[in-house]
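K.L.:
Provided below are the primary sequence and the corresponding predicted coordinates.
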Amino acid sequence: MQNLLLTEELAHALLGALLAVCRADGDANVEELKALRTVGHALAGGVRYDNEWLLFFSHVTPRSLAEAVRDAGAAGPFRGQAVSASHLIAQEFVTAAVLIARADGALNQEEIRLICSFARELHISASYIAHLDNTLDEWDGGAAD
């Protein structure tokens with residue numbers, strides 16, 4: 001995972017969207033929340049967030065995440081905080097979402113459906129998700145040997 005350049009608002013949107021993936025198949029479980037903390041820290045770097053707010057009040061939709069990514073990059077290079085390129089943010093988000101969803105086992109239909117919704121809004125193809133999932137399967141298989 002790359003440490004992205006993010007505004008605080010965008011980091012919160014990414015973390016909220018990742019939490020939505022954790023909740024896709026019901027309540028977020030311990031494995032998913034542990035992965036969210038680990039991946040979220042790697043993705044958002046030093047951006048601070050309130051765990052209680054994130055867990056209880058965050059509701060990020062695929063469209064609102066796409067808007068947050070687009071709006072963060074719209075300020076231009078000289079008008080505000082530097083932000084990573086939107087395609088890089090999108091790819092890293094989808095990678096993080098798949099890693100978190102797999103924390104408690106294989107991807108299920110609800111998780112796949114939601115990750116694909118986020119990916120579509122972020123202009124990432126479903127084939128990228130399938131490739132990523134297959135790559136992780138191969139990596140997991142190699143780690144088990």
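P.N.:
That came through fine.

K.L.:
what mean pLDDT does stretch 120-139 get?
P.N.:
Mean per-residue pLDDT for stretch 120-139: 83.

K.L.:
quick one: residues in contact with that stretch.
P.N.:
For stretch 120-139, contacts defined as C-beta atoms under 8 Å, 6 or more residues apart in numbering pick out 62-63, 65-66, 69, 86-87, 89-91, 93-95, 98-99, 102, 107, 112, 115-116, 119. Backbone N, C-alpha and C define where each C-beta goes, glycine included.

K.L.:
please indicate which of these are buried?
P.N.:
62, 65-66, 69, 86, 89-91, 93-95, 98-99, 102, 107, 112, 115-116, 119 (16 or more other C-beta atoms under 10 Å).

K.L.:
so which bits of stretch 102-114 are buried?
P.N.:
Going by neighbour count (16+ other C-beta under 10 Å), the buried part of stretch 102-114 is Arg102, Ala103, Asp104, Leu107, Glu111, Ile112, Leu114.

K.L.:
what sits against the first one?
P.N.:
Right, the one you point to is Arg102. Arg102 is in contact with Asp133, Leu136, counting by C-beta under 8 Å, 6+ apart.

K.L.:
secondary structure element holding the spatially closest residue to Thr61 that is not a sequence neighbour?
P.N.:
Nearest non-adjacent residue to Thr61, counting by C-beta to C-beta, 6 or more residues apart in numbering: Ala20, 7.6 Å away. In this assignment (DSSP states H and E), Ala20 forms part of helix 8-22.

K.L.:
list the buried residues in that helix.
P.N.:
In helix 8-22, counting by 16+ other C-beta under 10 Å, buried: 10-22.

K.L.:
same list, those, but as a markdown table with distance to Asn134 please.
P.N.:
Listed next are those as a markdown table, based on distance: C-beta to C-beta, whole Å:
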| residue | distance to Asn134 |
| --- | --- |
| Leu10 | 29 |
| Ala11 | 29 |
| His12 | 31 |
| Ala13 | 28 |
| Leu14 | 24 |
| Leu15 | 26 |
| Gly16 | 28 |
| Ala17 | 23 |
| Leu18 | 21 |
| Leu19 | 25 |
| Ala20 | 24 |
| Val21 | 19 |
| Cys22 | 22 |
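
K.L.:
pLDDT at the closest residue to Asp25 other than its chain neighbours, what is it?
P.N.:
Once flanking residues are discounted, Asp25 sits nearest to Glu110: 4.4 Å by C-beta to C-beta, 6+ apart. pLDDT recorded at Glu110 is 93.
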